[in-house]
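1. Structure for this input, please:
(one chain, ligands or ions: 5)
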Amino acid sequence: MQKQLKLVTLLIFVVGLIIVFSNSTYRMPGNQQNYEPIQPIDFSHRLHAGEMDIPCQYCHYGASQSRHAGIPATSVCMNCHKYVSATKEAFQLEEKESVFEGRETESITSVEISKIYEAMGYDSQGEPIEGKEGKSVEWVKVHNIPDFVFFSHKPHITAGVDCTDCHGDVSSMERIKQTEDLSMGWCLDCHRKDHESLDNAPERTQLLLDCATCHY
Ligand code: HEC
Ligand code: HEC
Ligand code: HEC
Ligand code: HEC
Ligand code: HEC
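-> Ligands and ions are numbered 1, 2, ... in the order given. Take a look at the predicted model:
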């Protein structure tokens, strides 16, 4: 009886610890460093931005013009996926198999690409379905700055700050991950360093460290 009671107490304690710790890592706004959520479509930055070398701003064209870099609409994906319904590897495999089985080569659409067609309201061949409307893909937002902080991409891109300075080596990521803690100290460290390297006028540096620059 006593032993069982001890065990139950221990269990409650451990479960309590897990709850406390998971709250402290997931509830703190802006401190979700290493957050790497699973996305509705298995989109790879390594493949698109790395191997294929598609420029970041081909998809995130808001970055140099506005506050938000933006997530591309599915129609942007269709610029290529109208023609690319599966990987080259999958097509080669189908070709080999069809020759081996003595049949005609079939057109194939991979599971992940069919999700793009589905979102567009298209059929499995990537053709529009009469009367069917598209819907947007529910991408999970990775980076989140609290509402009381003002952040805009534009001044950073204009000043020549690189995407990698704040987002890490995205072109090697299979799945997007938040590499920095996005804390106030992180912003300020760079704003201070920038002063030293750019040799900004003192009032410019003052502005970059001024509370009102980032807080309304
Ligand atoms: C072919 C289009 C495309 C290209 C090119 C591309 N991205 Fe993306 N990016 C996306 C899509 C779609 C998402 C949302 C899904 C995801 O997170 O993977 C995304 C998400 C992101 C996010 C996370 C956004 C969030 O939710 O916080 C960052 C950061 C990002 N991209 C940076 C980059 C950088 C840096 C490059 C260039 C090295 C780049 N992207 C190139 C399409 C693209
Ligand atoms: C000075 C740091 C910094 C630089 C440089 C930067 N980002 Fe961001 N990025 C952020 C922060 C901080 C957020 C979160 C913003 C928010 O929650 O409003 C973010 C959010 C994003 C998002 C999510 C959607 C959005 O617009 O909020 C995408 C996509 C993105 N960045 C892509 C890029 C790309 C591509 C580049 C380079 C062209 C880039 N970023 C350069 C800091 C930066
Ligand atoms: C500039 C052309 C281009 C754009 C734009 C593009 N892709 Fe691709 N994507 C490709 C090519 C080419 C492949 C096949 C690579 C291979 O053969 O391995 C591919 C492969 C993929 C795959 C892997 C398919 C599989 O079966 O494993 C996914 C998923 C994908 N893309 C999603 C997207 C999404 C989502 C977007 C829009 C945000 C997008 N792509 C935009 C060219 C593009
Ligand atoms: C890697 C370096 C770097 C990081 C990290 C960074 N910044 Fe900046 N920031 C800059 C540079 C460089 C400028 C432009 C300085 C100039 O034009 O003299 C700038 C400018 C700004 C401006 C515009 C100021 C103005 O009114 O002209 C705001 C707002 C800003 N940053 C907010 C933030 C916030 C909020 C964060 C953190 C979430 C952040 N920055 C993180 C380098 C950085
Ligand atoms: C370059 C941008 C920037 C400047 C300048 C700045 N802050 Fe912040 N501040 C932030 C960011 C980003 C956060 C959110 C941090 C997080 O979520 O972890 C923040 C958070 C805070 C918080 C919430 C508590 C905390 O630490 O998370 C307070 C209070 C605050 N700032 C006060 C100030 C004061 C006072 C000044 C002027 C002395 C100032 N900030 C200057 C970017 C800035």
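2. in this structure, which spans are helices?
-> Using DSSP state H, the helices of the chain run over residues 2-26, 45, 56-59, 74-81, 88-100, 111-120, 153-158, 163-167, 184-198, 202-209, 211-214.
3. If you average pLDDT over each of these, which is lowest?
-> Lowest mean pLDDT within these: helix 2-26, at a mean of 47.
4. Next one: the closest residue to Phe151 other than its chain neighbours from His45, what distance?
-> In space, and not counting its chain neighbours, Phe151 is closest to Ile145: 5.0 Å by Cβ to Cβ, 6 or more residues apart in numbering. From N, CA and C alone the C-beta is placed, and that goes for glycine too. Counting by Cβ to Cβ, to the nearest Å, the separation of Ile145 from His45 is 21 Å.
5. quick one, which of the two is more surrounded?
-> Using other Cβ atoms under 10 Å, the more surrounded residue of Ile145 and His45 is His45, with 21 against 13.
6. does that one really touch Val170, like I thought?
-> Yes: at 5.1 Å, His45 counts as touching Val170 under the criterion of Cβ atoms under 8 Å.
7. Pull up the overlap in contacts between those two.
-> Ile176 (Cβ atoms under 8 Å, 6 or more residues apart in numbering).
8. just the residues of the chain that are near ligand 3, which are they?
-> For the chain, the residues found near ligand 3 under the criterion Cβ under 6 Å from any ligand atom are 41-43, 47-48, 54, 72, 76-77, 79-81, 84, 86-89, 110, 112-113, 116.
9. Could you restrict those residues to the ones contacting ligand 5?
-> Among the residues of the chain next to ligand 3, none lies close to ligand 5 by the criterion of Cβ under 6 Å from any ligand atom.
10. excluding its backbone neighbours, what's nearest Val84?
-> Nearest to Val84 is Ile113, by Cβ to Cβ, 6+ apart, at 7.3 Å.
11. residues in contact with that neighbour?
-> Contacts here follow Cβ under 8 Å, 6+ apart; on that basis Ile113 touches His81, Val84, Ser85, Ala86.
12. and the residue lying closest to Thr158 once chain neighbours are set aside, what is it in contact with?
-> Spatial nearest neighbour of Thr158, chain neighbours left out: Ser64 (7.0 Å); criterion: Cβ to Cβ, 6+ apart. Residues in contact with Ser64 (Cβ under 8 Å, 6+ apart) are Gln57, His153, Lys154, Ile157, Thr158.
13. Out of those residues, who's the most crowded?
-> Counting neighbours by other Cβ under 10 Å, the top entry in the contacts of Ser64 is His153, with 20 neighbours.
14. Perfect, that will be all.
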